[in-house]
Structures are given as structure tokens and as C-alpha cells.
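Participant: Mind folding the following:
(one chain, ligands or ions: 2)
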Amino acid sequence: TPAIEIEKLGKVYTRGKEEVTAIQEISLKIPEGKFVSIVGPSGCGKSTFLHIVGGFIPKSSGKVRIRGKEVDKPGPDRGMMFQESALFPWKNVFDNVAWGLEIQGMEKSKRDEVVEHYLKLVNLWDFRKNLPSELSGGMKQRISLARVLAFNPDVLLMDEPFGALDAQTREKMQVELQRIWQESNKSVMFVTHDIDEAVFLSDIVVVFSGRPAVVKEIIEIDFQRP
Ligand code: ADP
Ligand code: ADP
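Facilitator: Ligands and ions are numbered 1, 2, ... in the order given. The predicted model follows:
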């Protein structure tokens, strides 16, 4: 069973009387454990596509299956990370990561263990008592990454997670993400307009083009990683 299976997915937005087809019959099968990037020019429908896979916006036609199960709402099988980190400003780093686990009903001793594991994985354990406002943009995205990984979703969806960072921080985050991904071995769908970023990170690059979006090309990146 593929981790993600998209069948003839379509999306039409209604803008007053006007209809805008953002996505037209996209089909894709993503095997388990792969890092897949969706690339294409701004406005071509990448974000719409990812939000539909996440269940955040309704599709107009087609199907989305996660590990064989059809989905049309958000669920614990998918974790999403956005360009802006959306952390609770009044909670410290530790509590930001712990919050969702608490809501899930995980008991405190287990929760503390999970939070510690993921904060160490993203190298932020020493900052656990800090507030998000005391940290840099890259660090905030690492907290978001720890938070989403702590949920243990089957599939990680990332919508330009480094898009708001300066070039130098972005490069560091790409290296960090690659290391973390290799340790966690999750299926990832990563949206970016930066082809270099996509090639650096991915096993598979899916190129979207046009308006409405169609799949133009699927490129398997086949080189030996360090
Ligand atoms: P990107 O950063 O991918 O270029 P956009 O600027 O296209 O994003 O859009 C940002 C968000 O604004 C989208 O996720 C979408 O929800 C919303 N949006 C984009 N275009 C429109 C539009 N024409 N009408 C209403 N909302 C829009
Ligand atoms: P990308 O992520 O590739 O920049 P988007 O998915 O944000 O592309 O947008 C794809 C197309 O859909 C664009 O033409 C955009 O203007 C339109 N769009 C996005 N969100 C909305 C919305 N909420 N209402 C109407 N049109 C939208």
C-alpha cells in the first residue's frame, strides 16, 4: 500500500460568480518512507494540493488515500508544518511540544519522555524553558518540527516550512531536516518553489505546472546520500 495515493484530484475555487480551476486531475502514488517534494511556480496550486491532502480544504473531485484509507478531513495520520510556526507565545518550548500530547491523553511520564526525545533530536533541549519569542526563526521552525514529529503521524506534510527564513538559516535547516528525516524515516510531502531545495532534500521531485496545476514531470533523485 502506498503511503499517499492521489487519484484524479481536482479543485475548483469559486470567487463570486467566477470559477477558478486550481488543480486538474492530479494522480500520484507515493511509496512508504520517501521524501517527496512538490515544486512549481508561485500560484500553480501546490499549497492547495497539500492542504487538500492534509484535509484542511475540501477537494472538488477525486480521492486522497493515506496508507489505503480514504481521507477528507485532518487526522492524526497526517502532521502538517506551515511557513509560520504558530507556536503558543505564552508557553515555553517544552510546553509547546507537550501540549498536543496532553490533549491526546498521553500520561505525563510518557509525555515528558517523548518531548525530551524530540527536543534533543532538533537540538533544542537546552532551550526548553525559553519562550518562542526568545528564539530565532530557524529555532522556532525546529520547535514546530519537534512538535509535529512528537505526534508520530504516518505522513509529514510541509508547506514551504523554510520560506520565511533568510538564505543562510534556510540552508542550515535543510541540512538539519535531512538528518532528522533520515533518523525518523517518515513519508514526507514537502512543498517548495525552490528547485535546489527540492533536489537537495528529496527522493522524488514532482513538478507541477500550469494553471490549473497538472503534473508535468516526476523526477527520481537517485544519488548516494552521505
Ligand atoms: P504562495 O505563498 O504559495 O505564493 P499565495 O500568495 O498564492 O501563496 O496564497 C496564500 C494563501 O492565500 C493561499 O493559501 C490561499 O488560501 C489564499 N489565496 C490565494 N489566492 C487567493 C485568491 N485569489 N482568493 C482568495 N484567497 C486566495
Ligand atoms: P501555490 O501554492 O503554487 O502558490 P496556490 O495553491 O496558493 O498556489 O494557488 C493556486 C491557484 O488557486 C491560484 O490561482 C490562486 O490564486 C488560487 N487560489 C488559492 N486559494 C484560493 C481561494 N481561497 N479562493 C480562490 N482562489 C484561490
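
Participant: what about the helices in the protein?
Facilitator: 46-54, 93-104, 108-121, 137-150, 167-184, 195-201 (DSSP state H).

Participant: of all those helices, which lies closest to ligand 2?
Facilitator: Comparing these by their distance to ligand 2 (Cβ to the nearest ligand atom), the top pick is helix 46-54, with 3.0 Å. Every C-beta, even on glycine, is put in place using the N, C-alpha and C of the backbone.

Participant: Close to ligand 1: what parts of the chain are there?
Facilitator: Residues of the chain lying near ligand 1 by Cβ under 6 Å from any ligand atom: S42, G43, S47.

Participant: try it again with 8 Å
Facilitator: 13, 15, 20, 42-43, 46-48, 51, 57, 83, 159-160, 163, 191, 193 (Cβ under 8 Å from any ligand atom).

Participant: picking that back up, quick one, which of the helices of the chain is nearest to K129?
Facilitator: K129 lies closest to helix 93-104 among these, at 6.9 Å (Cβ to Cβ).

Participant: between the closest one and helix 137-150, how many degrees?
Facilitator: 30 degrees (axes from the mean of the first three to the mean of the last three Cα atoms, to 10 degrees).

Participant: Quick check: closest non-adjacent residue to G45.
Facilitator: A213 (3.2 Å; Cβ to Cβ, 6 or more residues apart in numbering).

Participant: TSV for the helices of the chain, including mean pLDDT and mean neighbour count?
Facilitator: Formatted as TSV, those follow (pLDDT from 0 to 100; neighbours: other Cβ atoms under 10 Å):
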stretch	mean pLDDT	mean neighbour count
helix 46-54	96	23
helix 93-104	93	19
helix 108-121	96	16
helix 137-150	93	23
helix 167-184	91	15
helix 195-201	93	17
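
Participant: The residue nearest to G45 touches I26, doesn't it?
Facilitator: Yes. Judged on Cβ atoms under 8 Å, A213 makes contact with I26 at a distance of 6.7 Å.

Participant: Looking at these two, which one has more neighbours?
Facilitator: The neighbour count for A213 versus I26, taken as other Cβ atoms under 10 Å, is higher for A213 (26 against 22).
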